[in-house]
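K.L.:
here are the coordinates; sequence isn't available:
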Ligand code: HEM
């Protein structure tokens, strides 16, 4: 039998193999390569500089799998501040300066604002409630508009009492069990968001809402990196049944799908019931539910889904990012006692050692404000932000960039540029201050810490994209100022009582974590 006959028999006998082989062929031959064959680059413009790779497979073996932002940073030194490569026919473009992110992700945002469609994350795990994953379009825009109503700079002022209460309860927990500070950080931010979004007061430990949230976040971290699952490269694999050898991803997807559904649906349903009983605590969800049309309205189901999504996304967008920043802050305080002392001296002079800080003190605490900036820069939580995808062929600076290119701004490179941030690996809040006040002429980390491009609605000058950054900012202020007004943060000591030499190492995940923080039991 020839190989063709063998293949035909196999395919006829086992439709699953037919799906897998067909899907692979479609992906490699039809989907990934046509721009080269169809005349989409009539001027024969070159691709931007970058590793050339091998025919067909491209740079698949050079593509970094660990701490990719550092590898891309080295590539910028070799190829310039814009690096292009292909892997298995998929084009990638990594941008290493604010000029490049500004030119493409902001000025040409109509062409560069799409998202990757990751079948594992979005379809199989049903993470589409997180509008950060949705493609650019009307459905995404409606989510963003609604989210903005609840998390814009004016709206978040209403959440200050919750943030203050959470910060004070954090201090209490820290006093009782300082060695469990990592658990306390996690609990504090989960509790704050559950209270803001759903008016729910979580349990002191073993809370089921927080456990579900953590499980959902784990799924997003695992499936959020393009290429982590083969089904992202070969979408038709999603039809493979879960009993099929090698289809373990389907079981994982089912587990995380359940967590996502529980996260989005259970607390929202709880609030609906509380509202019916007249016992609901005012929160984002109550406001969203109040605005829903009548149940008999044909638009009700769609509007309710949108409301459910918007309440839930505050957890997935806000918890891990902020928690990781606070963990890094603890490390920075232990490593840089001078910075800690300066902050404490300022707190003492404002509070007189008699009370805890509140939001009215913020203008008098420029050093704390500088610490927030430096904490976002020093350990950048999302070094490559969230990947954008180009939705049209484009010509830029004499180069051809095909539609479907995955475009990433390397925020880490931008925020560790020694020209802009002297001695960039040192935690130094003073870099943002002049005569004791925030210096408006120094670039803040907001320019690159929160992503890039037009998927934002406020403050175009920052080019910031994360719509939760105001909430994040007030949460960090509240916590940093509260902790340093009553605690000293020091490195742990060894058996002889000597301070342990700490080394800040960060993981290589989609969001970075201090090693080994991400291995802890988070519930
Ligand atoms: C240190 C804290 C945070 C960091 C570093 C961060 C970072 C980011 C980044 C890099 C993006 C994607 C930007 C891009 O596409 O280029 C993003 C999007 C988003 N963030 Fe944040 N974030 C933080 C806190 C928060 C908080 C507290 C919330 C919610 C209360 C939030 C909600 C969101 C949402 C909903 C999106 C999706 C926006 C969209 O696609 O239109 N984030 N964030």
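P.N.:
Happy to help now that I have it. Because the structure is predicted, anything quoted here is derived from the model rather than measured. Numbering: from 1, shown residues only.
K.L.:
so what's residue 246 scoring on pLDDT?
P.N.:
pLDDT for residue 246: 80.
K.L.:
SS state for it?
P.N.:
With DSSP: H, G, I helix; E, B strand; the rest coil as the basis, residue 246 sits in coil.
K.L.:
give the buried residues for the stretch of helix or strand residue 147 belongs to.
P.N.:
If you go by DSSP states H and E, residue 147 is part of helix 138-151. Buried positions in helix 138-151, judged by neighbour count with 16 or more other Cβ atoms under 10 Å: 139, 140, 142, 143, 144, 146, 147, 150, 151. (Each C-beta comes from the backbone N, C-alpha and C, glycine too.)
K.L.:
how near is residue 45 to residue 383?
P.N.:
Look at residue 45 and residue 383: by Cβ to Cβ, to the nearest Å, they are 30 Å apart.
K.L.:
now the helix holding residue 147: how far from the chain's centre is it?
P.N.:
With Cα atoms, centre = their mean, to the nearest Å as the basis, helix 138-151 stands 17 Å off its chain's centre.
K.L.:
how about stretch 479-494?
P.N.:
With Cα atoms, centre = their mean as the basis, stretch 479-494 stands 27 Å off its chain's centre.
K.L.:
pLDDT of that stretch, averaged?
P.N.:
Mean pLDDT, stretch 479-494: 94.
K.L.:
same deal with stretch 383-403?
P.N.:
Averaged over stretch 383-403, pLDDT sits at 94.
K.L.:
in that stretch, what's buried?
P.N.:
So, applying 16+ other Cβ under 10 Å, buried residues of stretch 383-403: 383-391, 394, 396, 400-402.
K.L.:
what subset of these is also close to the ligand?
P.N.:
385, 386 (Cβ under 6 Å from any ligand atom).
K.L.:
what does the host helix or strand of residue 375 contact?
P.N.:
Taking DSSP H and E as the criterion, residue 375 maps to helix 366-378. Here helix 366-378 makes contact (Cβ atoms under 8 Å, 6 or more residues apart in numbering) with 325, 328-329, 332, 339, 342-343, 346-347, 362, 415, 421, 427-433, 436-438, 444-446, 449, 473, 476-477, 480-481, 484.
K.L.:
check contacts around the nearest residue to residue 335 once chain neighbours are set aside.
P.N.:
Nearest residue to residue 335, sequence neighbours excluded (Cβ to Cβ, 6 or more residues apart in numbering): residue 502, at 5.7 Å. If you count contacts by Cβ under 8 Å, 6+ apart, residue 502 has them with 331, 334, 335, 491.
K.L.:
phi, psi of residue 502?
P.N.:
For residue 502, the backbone dihedrals (degrees, to the nearest 10) come out as phi -90, psi 140.
K.L.:
begin at 20 from now on, thanks
P.N.:
Yes, from this point I'll number from 20; that puts the last item at residue 521.
K.L.:
that one and the ligand, how far apart?
P.N.:
From residue 521 across to the ligand, the span is 21 Å (Cβ to the nearest ligand atom, to the nearest Å).
K.L.:
ditto for residue 148
P.N.:
Distance of residue 148 to the ligand, given as Cβ to the nearest ligand atom: 11 Å.
K.L.:
surely that residue and residue 334 touch.
P.N.:
No: using Cβ atoms under 8 Å, residue 148 is not in contact with residue 334, being 10.3 Å away.
K.L.:
ok, the two, which is more surrounded?
P.N.:
residue 334 (27 against 24; other Cβ atoms under 10 Å).
K.L.:
quick check, pLDDT for that one.
P.N.:
We have a pLDDT of 89 for residue 334.
K.L.:
kindly report the same for residue 60.
P.N.:
Reported pLDDT at residue 60 in the predicted model: 88.
K.L.:
check residue 36 too.
P.N.:
Reading off the confidence values, residue 36 has pLDDT 53.
K.L.:
the longest helix belonging to the chain packs against which elements?
P.N.:
Criterion DSSP state H: the longest helix present in the chain is helix 319-354. On a contact count with 3 or more Cβ pairs under 8 Å, 6 or more residues apart in numbering; DSSP states H and E, helix 319-354 meets helix 157-170, helix 200-217, helix 227-242, helix 267-296, helix 303-309, helix 356-370, helix 385-397, helix 488-505.
K.L.:
cutoff 6 Å now
P.N.:
Counting contacts by 3 or more Cβ pairs under 6 Å, 6 or more residues apart in numbering; DSSP states H and E, helix 319-354 packs against helix 200-217, helix 267-296, helix 303-309.
K.L.:
so it versus helix 385-397, what angle?
P.N.:
Between the axes of helix 319-354 and helix 385-397, defined by axes from the mean of the first three to the mean of the last three Cα atoms, to 10 degrees, the angle is 100 degrees.
K.L.:
how far out from the middle of the chain is helix 319-354?
P.N.:
9 Å.
K.L.:
any part of stretch 244-257 near the ligand?
P.N.:
No: using Cβ under 6 Å from any ligand atom, stretch 244-257 never reaches the ligand; the gap is at least 13.7 Å.
K.L.:
only the buried residues of that stretch, if you could.
P.N.:
For stretch 244-257, burial by neighbour count (16+ other Cβ under 10 Å) applies to 244, 245, 247, 248, 250, 251, 252, 253, 254, 255, 256, 257.
K.L.:
span of it from start to end?
P.N.:
End-to-end span of stretch 244-257 (Cα to Cα, to the nearest Å): 17 Å.
K.L.:
so which residues on the stretch 170-319 of the chain come close to the ligand?
P.N.:
Residues of the stretch 170-319 of the chain lying near the ligand (Cβ under 6 Å from any ligand atom): residue 170.
K.L.:
indicate the residue of the stretch 170-319 of the chain located nearest to the ligand.
P.N.:
Nearest residue of the stretch 170-319 of the chain to the ligand: residue 170, at 5.4 Å (Cβ to the nearest ligand atom).
K.L.:
what number of residues lie near the residue nearest to that residue when sequence neighbours are not counted?
P.N.:
Closest residue to residue 170 apart from its sequence neighbours, by Cβ to Cβ, 6+ apart: residue 490 at 5.4 Å. When neighbours are defined as other Cβ under 10 Å, residue 490 has 25 of them.
K.L.:
let me see the confidence value for residue 490.
P.N.:
According to the prediction, residue 490 has pLDDT 95.
K.L.:
and if you look at residue 154?
P.N.:
Confidence score, pLDDT, at residue 154: 84.
K.L.:
equivalent analysis for residue 138, please.
P.N.:
What the model reports for residue 138 is a pLDDT of 91.
K.L.:
so how many other residues sit close to it?
P.N.:
If we define neighbours as other Cβ under 10 Å, then residue 138 has 20 of them.
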